[in-house]
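*Asks:* sharing a sequence plus its predicted fold:
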Amino acid sequence: MLIVSPGQAGDSPALPKLLAQLRIVRSGPGRPRTTPTMLRGDKAYSSRGHRALLRSRGIVAVIPEPADQTGHRKRKGARGGRPVGYDTEAYKARNVVERFFNRMKNWRGLASRYDKHALVYRGGVVLAAILDWLT
């Protein structure tokens with residue numbers, strides 16, 4: 001699954017769209033699952049809205065809290081809420097995604113986004129991902 005967002009925009013606002021399109025194919029019979037067991041994300045995904053969305057769908061959030069959010073929460077005292085808990089061992093596996101992005105950036109056209117149309121750019125990303133998967 002792949003969603004192309006504007007190059008100057010952050011990728012965090014695309015999370016609800018990605019979750020809406022998510023389909024995990026089963027090995028046996030049955031319809032695809034739409035709820036993963038957990039979602040690993042970097043600190044950019046640490047917002048109350050994202051955490052509430054994941055919680056409502058029964059998805060475990062493995063997302064650390066940025067230092068500025070920790071400071072805001074601590075300054076509020078008891079009204080600031082609980083500290084964010086996440087599985088640090090599960091978070092270590094997030095580097096798989098980061099390594100994939102780095103391999104995609106080896107393609108000059110993808111890294112510098114020469115394509116003007118999102119459809120053409122998405123086609124290039126899909127092609128690069130397929131070739132990466134085959135090697």
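*Replies:* Nice, I can see it. Numbering: from 1, shown residues only.

*Asks:* alpha carbons only: can I get the one helix or strand in the chain whose mean pLDDT sits lowest in PDB?
*Replies:* Lowest on mean pLDDT, DSSP states H and E among the helices and strands of the chain sits helix 108-112, with a mean of 84. What follows is helix 108-112, C-alpha atoms only, in PDB (Å, rounded to 0.1, in the frame of the first residue of the first chain):
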ATOM      1  CA  ARG A 108      17.900   9.700  -8.100                       C
ATOM      2  CA  GLY A 109      14.500  10.400  -9.600                       C
ATOM      3  CA  LEU A 110      12.700   9.400  -6.400                       C
ATOM      4  CA  ALA A 111      15.100  11.200  -4.100                       C
ATOM      5  CA  SER A 112      14.800  14.600  -5.900                       C
END
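
*Asks:* my guess is residue 11 meets residue 5, correct?
*Replies:* Yes. Using CB atoms under 8 Å, residue 11 is in contact with residue 5, at 6.1 Å. From N, CA and C alone the C-beta is placed, and that goes for glycine too.

*Asks:* returning to that earlier point: mind listing residues that contact the least confident helix or strand of the chain?
*Replies:* Applying CB atoms under 8 Å, 6 or more residues apart in numbering, the contact partners of helix 108-112 are 104, 105, 114, 115, 121, 124, 125, 128.
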